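Q: Sequence and predicted structure, then a few things I'm wondering about:
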Amino acid sequence: MMNPDFTRAHRFAVYFAPPPESAWWAAGSRWLGRCAATNAALAPPPIAHIAPELQLQLTADPRRYGWHGTLKAPFSLAEGVSLDDVRQTLRSIAASFTPFEMPELRVRRMGDFLALGSEGDNAMVNAVANSCVRELDKLSAALSPEELVRRRQKGSLSPQEDALLLRWGYPYVLESYRFHLSLTGTLQGVDRSTVERLETAAQAWFGALPPCCFDGVALFCEPTKGAEFVLVERWEFGV
């Protein structure tokens, strides 16, 4: 159930997140070293020839956000919008979809980080993400000038991505969206052998899992600025 304290959270985000009782949630949370449902630290699976301290350092960025695939990137509530408004919208979105099995998720290099993703686009995943972006846009505050600068500094945006950033508050949405679950932060400057060991270990860790089912949407929040994101509530599809 929703914690009343979350009504004053700094930011919210809508994610694909497996049910907290599932093998996929356990595996992803263990890999990152934190469970976003309980906010408890976890012992990551050991990787040969990579020091535990380095492993935690390389997964620090995704660990803060919790185990997830982004559907609606972190946003602040617009003036006059309540958390109940967000919850009602997400309940409606979830009711409009039915569960489906994800294509095989494999470890991939995406830019300068590792992530789990599937080959090509998935129309059903994209439909869920597009619905979240469009339906929640009216509940989201516009980016501040400082936030806009920060988003632009994170990477070199194409003209199309910059236009999406200005319109939707995030550059990787709609036609630029690519579903993934981040496994590391930036690997710039990390030696090739370490990256290869991470990639091999991740594929073995997640490759042993059963097929992943996309059966709901999850609301996460950043309780205070800079805090770790935590799971607030999850809505199953078709309910």
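A: It's in. Everything numeric in this text was worked out from a predicted model, so none of it was measured. Residues are numbered from 1 along each chain as shown.
Q: the helices in the chain, which residues?
A: Along the chain, the segments classed as helices by DSSP state H run 23-32, 52-58, 60-65, 83-95, 123-137, 145-153, 159-168, 192-207.
Q: if I look at the nearest residue in space to residue 18 that is not next to it in sequence, how far off is residue 198?
A: Nearest non-adjacent residue to residue 18, counting by Cβ to Cβ, 6 or more residues apart in numbering: residue 24, 3.8 Å away. The C-beta positions use only the backbone N, C-alpha and C, and glycine is treated the same way. Separation of residue 24 from residue 198 (Cβ to Cβ, to the nearest Å): 19 Å.
Q: any idea of the angle the worst-scoring helix or strand of the chain on mean pLDDT forms with helix 159-168?
A: When each helix and strand of the chain is scored by mean pLDDT, DSSP states H and E, helix 145-153 comes last, with a mean of 87. Here helix 145-153 runs at an angle of 150 degrees relative to helix 159-168 (axes from the mean of the first three to the mean of the last three Cα atoms, to 10 degrees).
Q: which outside residues touch helix 145-153?
A: Residues from elsewhere that reach helix 145-153, judged by Cβ atoms under 8 Å, 6 or more residues apart in numbering: 143, 162, 165, 166, 170, 171.
Q: mind putting the residues you listed in JSON lines, neighbour count included?
A: Converted to JSON lines, the contacts of helix 145-153 look like this (neighbours: other Cβ atoms under 10 Å):
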{"residue": "143", "neighbour count": "18"}
{"residue": "162", "neighbour count": "15"}
{"residue": "165", "neighbour count": "20"}
{"residue": "166", "neighbour count": "13"}
{"residue": "170", "neighbour count": "21"}
{"residue": "171", "neighbour count": "22"}
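Q: between these, which is nearest residue 224?
A: residue 143 (19.3 Å; Cβ to Cβ).
Q: That closest one and residue 73, how far apart?
A: Per Cβ to Cβ, residue 143 is found 11 Å from residue 73.
Q: Quick check: neighbours shared by those two?
A: In contact with both residue 143 and residue 73: residue 169, using Cβ under 8 Å, 6+ apart.
Q: Can you report phi and psi for the closest residue in space to residue 64 that isn't next to it in sequence?
A: Spatial nearest neighbour of residue 64, chain neighbours left out: residue 228 (5.1 Å); criterion: Cβ to Cβ, 6+ apart. The phi and psi values for residue 228, taken as degrees, to the nearest 10, are phi -70, psi 140.
Q: roughly how far apart are residue 228 and residue 7?
A: Separation of residue 228 from residue 7 (Cβ to Cβ): 18 Å.
Q: just residue 192 next, same as before
A: For residue 192, the distance to residue 7 - Cβ to Cβ - is 47 Å.
Q: who has more neighbours, these two?
A: The neighbour count for residue 192 versus residue 7, taken as other Cβ atoms under 10 Å, is higher for residue 7 (13 against 8).
Q: ok, the closest residue to the more buried one other than its chain neighbours - contacts?
A: Leaving aside its sequence neighbours, residue 7 sits nearest to residue 83 (Cβ to Cβ, 6+ apart; 4.7 Å). The contact partners of residue 83, by Cβ under 8 Å, 6+ apart, come to 2, 6, 7, 9, 12, 77.
Q: Thanks a lot, see you next time.
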